[in-house]
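Peer 1: Here is a sequence together with a model predicted from it:
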Amino acid sequence: MSRSLRALFFSLPLTLPLAFGTGVAQAQDYGYDEVERQQELLGVWYEIREGNAQRGDTRAMFDVGMANYVGRGTDVDYDAALHWFARAADDDHAGAHYYLGFMFAAGRGTAADGDKALEHYTRSAELGYADAQYWLGSHYARNDQSHSEALEWLGKAAQQGQVSAKYYYGFLHERGQGTSPDPAEAARWYTKAAERGDRNSQIGLGRLHQNGQGVERDLVEAYVWYSLAEDNERIEAVKTRMNQRDLDLAQSRLDEQSSEIQRAAAR
């Protein structure tokens with residue numbers, strides 16, 4: 001690696017965004033192609049992180065594993081990804097355990113092994129990794145193995161802000177799986193996920209408002225949430241029971257809620 005390229009790398013933000021602020025046309029004016037230049041810089045980044053990983057830096061081990069998994073600064077290499085994730089997992093890196101779980105489940109870089117996948121997902125969840133907690137909770141819920149364990153892990157992931165977990169956690173409360181039926185608690189969690197754009201939660205919240213379960217019966221709110229979910233069949237079913245005043249109010253609320261969701265997505 002040339003000194004000039006290394007110096008340029010260290011002058012840039014460590015986050016290595018995909019675009020470095022110079023347009024492609026400007027980049028070509030300087031005599032190089034922007035995309036090609038970015039790939040060079042990612043290669044430098046990979047070289048440095050790999051060196052750190054070889055010296056025992058756990059976070060670098062995980063970064064190198066991810067780089068090999070997605071082809072960032074190097075070619076896609078599932079065998080190498082598995083190796084570095086395993087090295088990081090030996091130091092109890094939660095993300096490394098999660099990706100090992102996925103690779104064993106999918107049979108990438110190794111033979112598929114459901115037991116090992118579950119072992120790594122579980123350890124990742126125990127270390128507080130929200131996506132692993134969601135996976136583990138939904139695994140227990142899908143297989144009817146233990147609704148109480150499903151509720152526990154989905155609740156942990158939901159508390160950390162994992163949107164799909166918020167929906168699933170609300171769903172278990174609505175159905176009374178692993179707990180007593182509690183549509184009010186379901187509505188609370190559906191709302192949290194629906195406001196982040198989760199379609200299943202928007203439908204669930206619309207259903208609760210339509211039937212007056214856990215919340216006041218409100219066809220206007222039902223219409224709003226069904227509309228956000230683009231559930232045309234339910235929209236038409238509610239619409240037939242609304243007058244023009246209700247529809248005008250619903251459209252106003254829909255516009256407001258759409259703006260709120262867009263602002264939340266931008267944060």
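Peer 2: Looks like it came in fine. Numbering: from 1, shown residues only.
Peer 1: which helix of this protein spans the most residues?
Peer 2: Longest helix in the chain, counting residues (DSSP state H): helix 244-266.
Peer 1: For stretch 157-167, buried residues please.
Peer 2: Buried residues in stretch 157-167, counted by 16 or more other CB atoms under 10 Å: Ala157, Ala158, Gln162, Val163, Ser164, Ala165, Lys166, Tyr167. (Glycine included, C-beta is placed from N, CA and C.)
Peer 1: got the CA coordinates for the longest helix of the chain in CSV?
Peer 2: The C-alpha trace of helix 244-266 is given here as CSV (Å, rounded to 0.1, in the frame of the first residue of the first chain):
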residue,chain,number,x,y,z
GLN,A,244,-68.4,11.9,5.1
ARG,A,245,-67.5,13.8,8.2
ASP,A,246,-65.7,10.7,9.6
LEU,A,247,-63.9,10.2,6.3
ASP,A,248,-62.7,13.8,6.2
LEU,A,249,-61.5,13.6,9.8
ALA,A,250,-59.8,10.3,9.0
GLN,A,251,-58.0,11.8,6.0
SER,A,252,-56.7,14.7,8.2
ARG,A,253,-55.4,12.3,10.8
LEU,A,254,-53.9,10.1,8.1
ASP,A,255,-51.9,13.0,6.8
GLU,A,256,-50.7,13.9,10.2
GLN,A,257,-49.7,10.3,11.1
SER,A,258,-48.0,9.8,7.8
SER,A,259,-45.9,12.9,8.5
GLU,A,260,-45.0,11.6,12.0
ILE,A,261,-43.9,8.2,10.6
GLN,A,262,-41.7,9.9,8.0
ARG,A,263,-40.1,12.1,10.6
ALA,A,264,-39.5,9.1,12.9
ALA,A,265,-37.9,7.2,10.0
ALA,A,266,-35.6,10.1,9.3
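Peer 1: which residues touch it?
Peer 2: Glu195, Arg196, Gly197, Leu219, Val220, Glu221, Tyr223, Val224, Ser227, Leu228, Lys239, Met242 (CB atoms under 8 Å, 6 or more residues apart in numbering).
Peer 1: quick one, what contacts the fourth one?
Peer 2: Which is Leu219. Contacts of Leu219 by CB under 8 Å, 6+ apart are His209, Gln210, Val238, Arg241, Met242, Asp246.
Peer 1: My guess is the first one contacts Arg234. True?
Peer 2: No. Using CB atoms under 8 Å, His209 is not in contact with Arg234; the gap is 11.1 Å.
Peer 1: more neighbours, those two?
Peer 2: Neighbours per residue (other CB atoms under 10 Å) separate His209 from Arg234, with His209 holding more: 25 against 19.
Peer 1: Check which helix or strand the more buried one maps to.
Peer 2: In the assignment (DSSP states H and E), His209 maps to helix 199-211.
Peer 1: Tell me which other helices or strands that helix touches.
Peer 2: helix 163-175, helix 183-194, helix 219-228, helix 232-239 (3 or more CB pairs under 8 Å, 6 or more residues apart in numbering; DSSP states H and E).
Peer 1: what about dumping the CA coordinates of the shortest one to PDB?
Peer 2: Which is helix 232-239. Taking Å, rounded to 0.1, in the frame of the first residue of the first chain, the C-alpha atoms of helix 232-239 are listed here in PDB:
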ATOM      1  CA  ASN A 232     -57.600  -2.200   1.000                       C
ATOM      2  CA  GLU A 233     -60.000  -5.000   2.100                       C
ATOM      3  CA  ARG A 234     -60.200  -3.700   5.700                       C
ATOM      4  CA  ILE A 235     -60.300  -0.100   4.600                       C
ATOM      5  CA  GLU A 236     -63.400  -0.800   2.500                       C
ATOM      6  CA  ALA A 237     -65.000  -2.800   5.300                       C
ATOM      7  CA  VAL A 238     -64.600   0.200   7.700                       C
ATOM      8  CA  LYS A 239     -65.400   2.800   5.200                       C
END
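Peer 1: what's in contact with it?
Peer 2: By CB under 8 Å, 6+ apart, the surrounding residues in contact with helix 232-239 are Ile203, Gly206, Arg207, Gln210, Leu219, Ala222, Tyr223, Tyr226, Ser227, Leu247.
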